[in-house]
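In: Test case, fold it:
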Amino acid sequence: MDAMTQSSLDHSPLPVPPAGRYRIDPDRSAVTFRTRHLFGLGPVRGTFALREGVIEVAHPVTASRVEARVAASSFRTGNPARDAAVVSARLLDAAAYPTIAFTATALTQEQDQWRITGDLEVHGVSRPVEAAIGAVDVDGRTLTAQARLGVDRYAFGVTGYRGLAARHLTIELRLTAERKDQA
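Out: Residues are numbered from 1 along each chain as shown. The predicted structure follows:
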């Protein structure tokens, strides 16, 4: 996709943050997910703990970068038995693959929707994913962004408990970051 012109940015429904490097604050950010279990009958909601990350807002904004790392062992649903099973070698294998990582490769706008495309690494497997950016807020040196993406766990080799645990997850990100320097 071609880089956007400044004119198209002027019509963006989301604010474009000032250029610079923003450090994601793990304590003020959240990675949540939704999926289903028991052959699709029961809803499951949970969280992962964000370890670290950076957002580099560039000029033009389409050249911006994002990197984030999540602790695989931080999977939590409120059910200790399920949580232990998910982080075990049967599914995430958090002992062998302790980090879930995302590295953005493109930021694009189609009509009023911003999308961020990147590589997600889970269980030692890297696959391209695309997230829809739902909201961006800029308050001084603080940037807050929300995004949502769908993940097929089978694509990452996480195939245990077929049928019992759903194949697809919806992941929602709420990131808060502080600008650390000028671009």
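In: Residue ranges in the protein under the pLDDT threshold?
Out: For the chain, the stretches flagged by pLDDT under 70 are 1-13, 38-40, 181-183.
In: can you map out the strands along the protein?
Out: 20-24, 30-37, 42-57, 65-76, 99-110, 113-122, 125-139, 142-152, 168-182 (DSSP state E).
In: which residues touch the residue found closest to Val86 once you drop the neighbours it is linked to in the chain?
Out: Distances taken as CB to CB, 6 or more residues apart in numbering put Phe75 closest to Val86, at 5.0 Å, once the chain neighbours are dropped. Every residue, glycine included, has its C-beta placed from N, CA and C. Neighbouring residues of Phe75 by CB atoms under 8 Å, 6 or more residues apart in numbering: Gly46, Thr47, Phe48, Asp83, Val86, Val87, Leu92, Ala94.
In: Dump those residues to JSON lines, plus distance to Ile116 and neighbour count.
Out: As requested, these are exported to JSON lines (distance: CB to CB, whole Å; neighbours: other CB atoms under 10 Å):
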{"residue": "Gly46", "distance to Ile116": "22", "neighbour count": "19"}
{"residue": "Thr47", "distance to Ile116": "21", "neighbour count": "16"}
{"residue": "Phe48", "distance to Ile116": "18", "neighbour count": "20"}
{"residue": "Asp83", "distance to Ile116": "28", "neighbour count": "16"}
{"residue": "Val86", "distance to Ile116": "26", "neighbour count": "24"}
{"residue": "Val87", "distance to Ile116": "27", "neighbour count": "20"}
{"residue": "Leu92", "distance to Ile116": "23", "neighbour count": "24"}
{"residue": "Ala94", "distance to Ile116": "25", "neighbour count": "19"}
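In: I'd like those as TSV, with distance to Asp137 appended.
Out: Listed next are the contacts of Phe75 as TSV, based on distance: CB to CB, whole Å:
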residue	distance to Asp137
Gly46	25
Thr47	21
Phe48	22
Asp83	32
Val86	32
Val87	33
Leu92	32
Ala94	32
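In: For the residue minimising distance to the centre of the chain, which residues are in contact?
Out: Note on the chain: the residue nearest the mean C-alpha position is Leu173, at 5.3 Å, using CA atoms, centre = their mean. Contact analysis of Leu173 by CB under 8 Å, 6+ apart lists Ser29, Ala30, Val31, Ala68, Ala131, Ala145, Gln146, Ala147, Arg148, Leu149.
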